[in-house]
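Enquirer: Coordinates for the following, if possible.
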Amino acid sequence: MVGVKLPVLDHGHVMLVDYMGSDTRVEEVARLSYNTGGLTGGGTSTNDEKGRTLRDTRGLLRYLLRHAHTSPFEQVCVTLDMKMPIFVARQLVRHRTQKLNEVSARYSVLPEEFYVPDLSQVCVQSDTNKQGRGEVLPLEVGEAVRENIKQHSENGFRLYRDLLERGVARETARMVLSLNTYTHWCTTWDAHNLLHMLRLRLDPHAQWEVREYARVISEIVRVWLPLTWEAFTDYTLQSVRLSRHEWEVLVQSLDREQVARLLSLGESGGSEKLSLREKREFLARLDTVSSPPFSREE
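Expert: Numbering: from 1, shown residues only. Below you'll find the model as predicted:
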């Protein structure tokens, strides 16, 4: 995937430039905490001199993410080349724990590239979400809105070019461009902070355009760190977070013996996918109603 521009929106892209480390590197770094191993230098093998297997690596990575032991994931990183509308960039830059260099309109002249949303994304303001969209606007209204956005953006670039031709400084001329103008940057994330960004920006409440970039980035991570991505999906993306009171209501409504029986039989939905250790941890949580699992010492 290195060097391949993956298209996003109408003029944007995400391209994998480089990466360092792998699932195995995360495992090796984690094992250093117990003084049970060291770095091999390659970071790509699935077995080491002590007979560690892919299954062992998978089990350790799942344990690390399940219990929020995140520092080993900071030891691997990825560099991405991205082009996106300014309003998308400003949401991604909220995640400060990344290293980036962005094109500067003080030093260069920006190309006439701006984002015009598809009709399916021209919506009314949501009645229930102060920062989100509601229903799609009627066709004729949506088409008129898109045309207005297009004309406004073209007028902005027309004025931008005119100011430059009159000798106005680039840093001043850029002020007339709108937030849907495309910007371009190169950014480096470690896996821990990248997964944190994806947790927020893949959420259905995130802006659709930002989710599109997060979706493409997640495909890169899935190929780069397949075991980490599997665990992240299970324990973060598709997990459920409960408050203390919600947890107490849930536990009090369960029959522990029936749950234990279903777990031992590999029934009850995806319980056959739980490791023995996960089953034991789950049953231990059910034994504690007054103290939720996140307040207990492991």
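Enquirer: Contact partners for the residue nearest to the spatial centre of the chain?
Expert: What sits nearest the mean C-alpha location of the chain, by C-alpha atoms, centre = their mean, is residue 198, with 1.1 Å. Neighbouring residues of residue 198 by C-beta atoms under 8 Å, 6 or more residues apart in numbering: 214, 217-218, 221, 232, 237. Glycine gets a C-beta too; all of them are placed from N, C-alpha and C.
Enquirer: rerun that using 6 Å as the cut-off
Expert: 214, 218 (C-beta atoms under 6 Å, 6 or more residues apart in numbering).
Enquirer: In the stretch 51-200 of the chain, what residue spans correspond to strands?
Expert: Secondary structure of the stretch 51-200 of the chain (DSSP state E, counting those that start in this stretch): strands at 77-85, 99-102, 123-125, 133-136, 182-190.
Enquirer: Export the ones you listed as CSV, with columns for mean neighbour count.
Expert: Shown next, in CSV, are the strands of the stretch 51-200 of the chain (neighbours: other C-beta atoms under 10 Å):
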stretch, mean neighbour count
strand 77-85, 22
strand 99-102, 13
strand 123-125, 13
strand 133-136, 12
strand 182-190, 20
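Enquirer: Check whether residue 157 really touches residue 112, as I assumed.
Expert: Yes: between residue 157 and residue 112 there is a contact under C-beta atoms under 6 Å: 4.7 Å.
Enquirer: So for those two, which residue has more residues nearby?
Expert: residue 157 (18 against 15; other C-beta atoms under 10 Å).
Enquirer: Could you report the distance from the more buried one to residue 177?
Expert: Look at residue 157 and residue 177: by C-beta to C-beta, to the nearest Å, they are 7 Å apart.
Enquirer: Please apply the same query to residue 256.
Expert: 61 Å.
Enquirer: Likewise for residue 233?
Expert: Taking C-beta to C-beta, one finds residue 233 at 38 Å from residue 177.
Enquirer: These two: which has the busier surroundings?
Expert: residue 177 (20 against 14).
Enquirer: hang on, the earlier thing: possible to save the strands of the stretch 51-200 of the chain as JSON lines with distance to residue 149 and mean pLDDT?
Expert: Putting these into JSON lines (distance: least, C-beta to C-beta, whole Å; pLDDT from 0 to 100) gives the following:
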{"stretch": "strand 77-85", "distance to residue 149": "11", "mean pLDDT": "97"}
{"stretch": "strand 99-102", "distance to residue 149": "23", "mean pLDDT": "92"}
{"stretch": "strand 123-125", "distance to residue 149": "13", "mean pLDDT": "90"}
{"stretch": "strand 133-136", "distance to residue 149": "15", "mean pLDDT": "88"}
{"stretch": "strand 182-190", "distance to residue 149": "14", "mean pLDDT": "96"}
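Enquirer: Just put those in TSV and tack on distance to residue 30.
Expert: Formatted as TSV, those follow (distance: least, C-beta to C-beta, whole Å):
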stretch	distance to residue 30
strand 77-85	16
strand 99-102	23
strand 123-125	45
strand 133-136	41
strand 182-190	14
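Enquirer: Of these, give the one that comes closest to residue 209.
Expert: Closest to residue 209 of the strands of the stretch 51-200 of the chain is strand 77-85 (C-beta to C-beta; 6.8 Å).
Enquirer: Can you name every helix or strand that that closest one contacts?
Expert: Using 3 or more C-beta pairs under 6 Å, 6 or more residues apart in numbering; DSSP states H and E, the elements in contact with strand 77-85 are strand 12-20, strand 182-190.
Enquirer: residues near the nearest residue to residue 85 once chain neighbours are set aside, how many?
Expert: Once flanking residues are discounted, residue 85 sits nearest to residue 115: 4.2 Å by C-beta to C-beta, 6 or more residues apart in numbering. Using other C-beta under 10 Å, residue 115 has 21 neighbouring residues.
Enquirer: was I right about residue 115 contacting residue 178?
Expert: No: checked against C-beta under 6 Å, the pair residue 115 and residue 178 is beyond contact range at 9.5 Å.
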